[in-house]
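Trainee: my questions are about this predicted structure, shown below with the sequence.
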Amino acid sequence: MNICSEASSRKSTSELSPEDEGFLHQFILQRTGILIQHHQQSKLRSKLQELCLTLGYSSSCDLLKSLYSSDNKSPELESLIASITIGESYFFRDGQQFDWLQYEYFPDIIHRRRRSGNLSLRVWSAGSSAGQEIYSIAILLRELLPDIDDWDLHLFGTDINAPALTSAQRGQYREWSLRGMSDRLRAKYFCPVNELFELRHDVRQQVKFHYLNLAEDVFPSILSKTNALDLILCRNVFIYLAPETSQEIVCKFANCLKPDGQLLLGAVDTVRWKDTGLNQIRSGDVLFYRKNKQALSTDSRIQLIDFQLDSCYQPDVDGEGDRESHIESDGQNQDSVSALPQDTQNCVPQKNNLRLAEKTFSTAPARIEDNLIIANNITILNLYQKGRWQELVSAVDTFQAGKDQNASLLGYKARALANLGQLEQSERVCRESIGLNPNDKHIYLVQGLVRMEKGQLEKAEASFRKALYLDRYYPESHYRLGLLLITNGQSKKGIKSLEQALLLAERGDQRKCLEYTQGITYQHFARMLRQELSIFGNTGI
């Protein structure tokens, strides 16, 4: 076959004749199923010029001939396709890393979990695009676990690109996306649908997808299931981010991991971070990062009054002032220990501000001992906002030693334990808190999230509905109930709950923080809900 026309053959540059550009478009269509659009042509020409220079081709003809004879994994074709398919990935991408996962990482952790009797694994694909990466993990685990139905697997992907997440939910891919798979795996897990290949339903049901912005959203958190993780994959994401943003994200990743949890990055991600709480480890040609148990530890002597107050809140030391302004007016029972005033919910960023999002349930205390309680509560809020869960648990235990239990402080402890993955302990503390104050909607939300993590979906639904019984304008509970209903196959009811959550978020003060969310404003929550609704609505769930 005469690949190049005479016009192109005479050129010493990387330019192609119109005839050969047409041939190239047809070649890409045949190899990948991708139809080159008019707006992509200039980018394609630029990439051709770049490839001729960087790969040492003397003419466009030489490059075109090499492309025609190459396989689907050649650097020439990979680079060309990447220039026109942003986010176009494929299953089992980066064979060395997946070999490490298949032959080293997963066999080791599976062996340890079997030995301990804890048959659970939690894996997060951060920047999951259309789901190829996390679905590859799901397929790999099915190959490694003959008793997979006995395991509690939490596999989920997040991305900032809602259309990509919609595509991930559908689980349909071009043949190009399957080029990293063996024929055996392709035949076992995919079936052709028109011109696409659809992933098996049971594998798709094993993975959940949600919108999450790594640069803006809060994690770790049981709210987003980014807590107590065994493995985080965040490959080829940091190359697009500023160094300071990458540093912040990696530090948060470290807090998301269990002790000895691991982070796997892409081969092209540049590493320049310091003091992240992660150790870099090499296994053959694969680099990964393991959580350092000691790096994030602090002095065990909790300083109960080691805090700074700003204009957000000044306690009434003498017990005087406008007590009425500190009282809830919705008829709920009042806790015996003061939390923090409602006006501290305003989370407009200010330097050194402590974001306080707790409503109060009683008047400001007058006694010195009660002022220490307020001081401690602020310390706990500070730890909560920073995601320092183990320190928070220790602070609550230290303060309450020898004293009567307090529902508000137990609520924080329950959240911290849940974020640490200590679900049984968290649920026990939830019950203790509810016993002291059965009218706290927040603790029922935490209880519901813990029950969801444990797979107790009916009990979780009852907890979310109890929270809404106490406050039908509680957007977080509408949100979690909606996701639960969708998981249970009640898509219409679930989407209706998400829509209700969005309505409430849009009606809230857009600059204020939702309670117990570590700084998520109503504005951001509303934006996240719109993305979630677009994902579920477009997939026809």
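Mentor: Nice, I can see it.

Trainee: end to end, how far does stretch 219-231 reach?
Mentor: Taking C-alpha to C-alpha, to the nearest Å as the measure, stretch 219-231 stretches 15 Å from start to finish.

Trainee: strands of this structure, residue ranges please.
Mentor: Applying DSSP state E to the chain gives strands spanning 120-126, 152-159, 172-173, 190-193, 196-199, 207-211, 229-234, 257-265, 278-283, 286-291.

Trainee: got CSV for those, with distance to Lys454 and mean neighbour count too?
Mentor: Placement of C-beta: from N, CA and C, glycine included. Formatted as CSV, the strands of the chain follow (distance: least, C-beta to C-beta, whole Å; neighbours: other C-beta atoms under 10 Å):
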stretch, distance to Lys454, mean neighbour count
strand 120-126, 10, 23
strand 152-159, 8, 21
strand 172-173, 32, 21
strand 190-193, 32, 14
strand 196-199, 27, 18
strand 207-211, 16, 21
strand 229-234, 16, 23
strand 257-265, 17, 19
strand 278-283, 29, 13
strand 286-291, 24, 19
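
Trainee: indicate which one of those is closest to Pro475.
Mentor: Nearest of these to Pro475, taken as C-beta to C-beta: strand 207-211 at 15.9 Å.

Trainee: so what strands line up beside that closest one?
Mentor: Strand pairing for strand 207-211, determined by DSSP bridges: strand 152-159 (parallel).

Trainee: pLDDT on the partner strand, on average?
Mentor: Averaged across strand 152-159, pLDDT comes to 93.

Trainee: what's the angle from that strand to strand 229-234?
Mentor: Using axes from the mean of the first three to the mean of the last three C-alpha atoms, to 10 degrees, the inter-axis angle of strand 152-159 relative to strand 229-234 is 30 degrees.

Trainee: and strand 152-159 with strand 120-126, angle?
Mentor: Interaxial angle of strand 152-159 relative to strand 120-126 (the same axes, to 10 degrees): 10 degrees.

Trainee: beta partners for Phe209?
Mentor: Gly157.

Trainee: thought it was touching Ala126?
Mentor: No: counting by C-beta atoms under 8 Å, Phe209 stays clear of Ala126, with 11.8 Å between them.

Trainee: what is in contact with the two at once?
Mentor: Gly157, Thr158 (C-beta atoms under 8 Å, 6 or more residues apart in numbering).

Trainee: what sits against Arg527?
Mentor: The contact partners of Arg527, taken as C-beta under 8 Å, 6+ apart, number zero.

Trainee: one more time with 10 Å
Mentor: Tyr211, Asn213, Glu216, Leu502, Ala505, Thr521 (C-beta atoms under 10 Å, 6 or more residues apart in numbering).

Trainee: state the pair within these that is farthest apart.
Mentor: Between any two of the contacts of Arg527, the greatest separation by C-beta to C-beta is 17.9 Å, found for Glu216 and Leu502.

Trainee: so those two - more neighbours on which side?
Mentor: Leu502 (22 against 13; other C-beta atoms under 10 Å).

Trainee: number of residues surrounding the closest residue in space to the more buried one that isn't next to it in sequence?
Mentor: Computed as C-beta to C-beta, 6 or more residues apart in numbering, the closest residue to Leu502 that is not its neighbour in sequence is Leu529, at 4.2 Å. Neighbour count of Leu529, defined by other C-beta under 10 Å: 24.

Trainee: state the distance from Leu529 to Gln390.
Mentor: 31 Å (C-beta to C-beta, to the nearest Å).

Trainee: same check on Leu24?
Mentor: Applying C-beta to C-beta, the value for Leu24 to Gln390 is 57 Å.

Trainee: what ranges do the helices span in the stretch 401-541 of the chain?
Mentor: Using DSSP state H, counting those that start in this stretch, the helices found in the stretch 401-541 of the chain span residues 407-419, 423-436, 441-453, 457-470, 475-487, 491-507, 522-539.

Trainee: now the third one - C-alpha only, CSV.
Mentor: These are the backbone C-alpha positions of helix 441-453, laid out as CSV (Å, rounded to 0.1, in the frame of the first residue of the first chain):
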residue,chain,number,x,y,z
LYS,A,441,-29.5,14.9,64.3
HIS,A,442,-25.8,14.9,63.6
ILE,A,443,-25.1,11.8,65.6
TYR,A,444,-27.8,9.9,63.6
LEU,A,445,-26.0,10.9,60.4
VAL,A,446,-22.7,9.5,61.7
GLN,A,447,-24.5,6.3,62.8
GLY,A,448,-26.0,6.0,59.4
LEU,A,449,-22.7,6.4,57.6
VAL,A,450,-21.1,3.8,59.9
ARG,A,451,-23.9,1.4,59.2
MET,A,452,-23.5,1.9,55.5
GLU,A,453,-19.8,1.1,55.8
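
Trainee: could you list every helix and strand in contact with that helix?
Mentor: Applying 3 or more C-beta pairs under 10 Å, 6 or more residues apart in numbering; DSSP states H and E, we find helix 441-453 packed against helix 407-419, helix 423-436, helix 457-470, helix 475-487.

Trainee: the first one: how far from the chain's middle?
Mentor: Spelled out, it's helix 407-419. 21 Å (C-alpha atoms, centre = their mean, to the nearest Å).

Trainee: one more: stretch 50-68?
Mentor: The chain centre lies 40 Å from the centre of stretch 50-68; the measure is C-alpha atoms, centre = their mean.

Trainee: first-to-last residue distance for that stretch?
Mentor: End to end - C-alpha to C-alpha - stretch 50-68 spans 18 Å.

Trainee: buried stuff in stretch 452-464?
Mentor: Met452, Glu453, Ala460, Glu461, Ser463, Phe464 (16 or more other C-beta atoms under 10 Å).

Trainee: equivalent analysis for stretch 166-182, please.
Mentor: For stretch 166-182, the buried set under the neighbour-count rule, 16+ other C-beta under 10 Å, comprises 166-181.

Trainee: end to end on that stretch, go ahead and measure it.
Mentor: By C-alpha to C-alpha, one end of stretch 166-182 lies 26 Å from the other end.

Trainee: pLDDT averaged over it - what is it?
Mentor: Taken as a whole, stretch 166-182 has an average pLDDT of 91.

Trainee: what does stretch 202-216 give?
Mentor: Mean predicted lDDT for stretch 202-216 stands at 89.

Trainee: same check, this time on stretch 232-242
Mentor: Stretch 232-242 comes out at a mean pLDDT of 79.

Trainee: ok, back up a step: most tightly packed of the helices and strands packed on helix 441-453?
Mentor: helix 407-419 (a mean of 27; mean count of other C-beta atoms under 10 Å).

Trainee: between that helix and helix 423-436, how big is the angle?
Mentor: Put simply, helix 407-419 runs at 160 degrees to helix 423-436, going by the same axes, to 10 degrees.

Trainee: what packs against helix 407-419?
Mentor: helix 368-386, helix 389-400, helix 423-436, helix 441-453.

Trainee: need those helices in JSON lines with distance to Lys65, can you?
Mentor: Output for these, formatted as JSON lines (distance: least, C-beta to C-beta, whole Å):
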{"stretch": "helix 368-386", "distance to Lys65": "58"}
{"stretch": "helix 389-400", "distance to Lys65": "59"}
{"stretch": "helix 423-436", "distance to Lys65": "60"}
{"stretch": "helix 441-453", "distance to Lys65": "56"}
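
Trainee: out of the ones you listed, deepest packed?
Mentor: Neighbour counts (mean count of other C-beta under 10 Å) averaged over each of those peak at helix 441-453, with a mean of 25.

Trainee: chain center to that helix, what's the gap?
Mentor: 19 Å.

Trainee: any chance of the strands of the chain in CSV, with distance to Leu423 too?
Mentor: Output for those, formatted as CSV (distance: least, C-beta to C-beta, whole Å):
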stretch, distance to Leu423
strand 120-126, 10
strand 152-159, 10
strand 172-173, 35
strand 190-193, 35
strand 196-199, 30
strand 207-211, 18
strand 229-234, 14
strand 257-265, 13
strand 278-283, 25
strand 286-291, 20
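
Trainee: which residue packs closest to Asp269, ignoring adjacent ones?
Mentor: Of all residues not flanking Asp269 in the chain, Phe238 sits nearest, at 4.4 Å (C-beta to C-beta, 6+ apart).

Trainee: I am finished for the moment; much appreciated.
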